[in-house]
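Student: quick one, structure for this:
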Amino acid sequence: MTQPLTTSSKGKVALALVIALAIGTLYYLDVGRYLSLESLKENRDRLLAFTEERYTVSVALFILTYVVVAGLALPGAVILTLAGGFLFGSALGTLFVNIGATTGATLAFLASRYLLRDWVEERFGAWVGPLQDGIARNAFNYLLTLRLIPIVPFFALNLVSGVTRMSLRTYVSATALGIIPGSFVYAYAGRQLGSINSLQEIASPGVISAFILLGLLALTPVAYKRWSAKKAGLRQPAEEYHGPQ
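Tutor: Next up, the predicted model:
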């Protein structure tokens, strides 16, 4: 016999329906069409004029838009980052992008942990085990590396992290720090918006190599910890051996 839904379960179902409706509506309206390089270049003068006239409102709208895009995995995050650099400058653009992206990622993390756990484990189950193992060794550095080297897609990593034992504080801090280099590269590129013809021009081999190097550096404490533990394990028997009695 089917059990009736509890108040908590009804709330989760209602929230899930709202999220699904929001995503469906945004895709139906083809929001991605407006978050394209061509659209940004065509409207740059109007966007710049609006930002100069209503700076505070522009910042709030920009961050809110980034929260929605990052939280719902909508296309256009790179274009938004370019726009942030163009409208607010490299440093402030990176800051506003970081606030929006981290907030959106955190909302996805919380939705995964308290609302979508079963679906996430079914959809991304192959990634949950390895991520749990890495988190058990050093949660902060492991997630930081995955943010710097995007082996796992941004939104998928948000969801998978939610079903692990990672604390919210660790997740937020590693995410906020890990997305800074990539955000700055694209925000800086946004200052030269008129000379950019494709996104591939920004993600050059040199830039990608720099991200990989940063990711490997983030793993250094983990590697050192494992090496130290292994060395101590090899040394222990010799220290306890007292010779023949």
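Student: drop to CA atoms for contacts and neighbour counts, all remaining ones
Tutor: Will do.
Student: count the residues that sit near residue 121.
Tutor: Counted by other CA atoms under 10 Å, the residues lying close to residue 121 total 17.
Student: surely it and residue 164 touch.
Tutor: No: using CA atoms under 8 Å, residue 121 is not in contact with residue 164, being 10.0 Å away.
Student: so what sits against both of these two?
Tutor: Counting by CA atoms under 8 Å, 6 or more residues apart in numbering, the shared contacts of residue 121 and residue 164 are residue 128.
Student: low-confidence regions, this protein specifically.
Tutor: For the chain, the stretches with pLDDT under 70 are 1-34, 194-245.
Student: can you give me the helices in it?
Tutor: 7-28, 37-42, 44-53, 55-72, 77-88, 90-114, 117-123, 125-148, 154-162, 168-178, 180-190, 205-218, 220-240 (DSSP state H).
Student: deepest-packed of the ones you listed, please.
Tutor: Highest mean neighbour count among the helices of the chain (mean count of other CA atoms under 10 Å): helix 77-88, with a mean of 25.
Student: point out the other helices and strands that that one packs with.
Tutor: Helices and strands touching helix 77-88, by 3 or more CA pairs under 8 Å, 6 or more residues apart in numbering; DSSP states H and E, are helix 37-42, helix 44-53, helix 55-72, helix 90-114, helix 180-190.
Student: what angle do it and helix 180-190 make?
Tutor: Helix 77-88 runs at 60 degrees relative to helix 180-190, counting by axes from the mean of the first three to the mean of the last three CA atoms, to 10 degrees.
Student: CA atoms only: put helix 77-88 into PDB for me.
Tutor: The C-alpha coordinates for helix 77-88 follow below in PDB (Å, rounded to 0.1, in the frame of the first residue of the first chain):
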ATOM      1  CA  ALA A  77      28.300  31.500 -17.700                       C
ATOM      2  CA  VAL A  78      31.400  32.200 -19.800                       C
ATOM      3  CA  ILE A  79      29.600  35.000 -21.700                       C
ATOM      4  CA  LEU A  80      28.400  36.500 -18.400                       C
ATOM      5  CA  THR A  81      32.000  36.500 -17.100                       C
ATOM      6  CA  LEU A  82      33.100  38.300 -20.200                       C
ATOM      7  CA  ALA A  83      30.300  40.800 -19.600                       C
ATOM      8  CA  GLY A  84      31.400  41.200 -16.000                       C
ATOM      9  CA  GLY A  85      34.900  42.100 -17.000                       C
ATOM     10  CA  PHE A  86      33.700  44.500 -19.700                       C
ATOM     11  CA  LEU A  87      31.100  46.300 -17.500                       C
ATOM     12  CA  PHE A  88      32.900  46.400 -14.100                       C
END
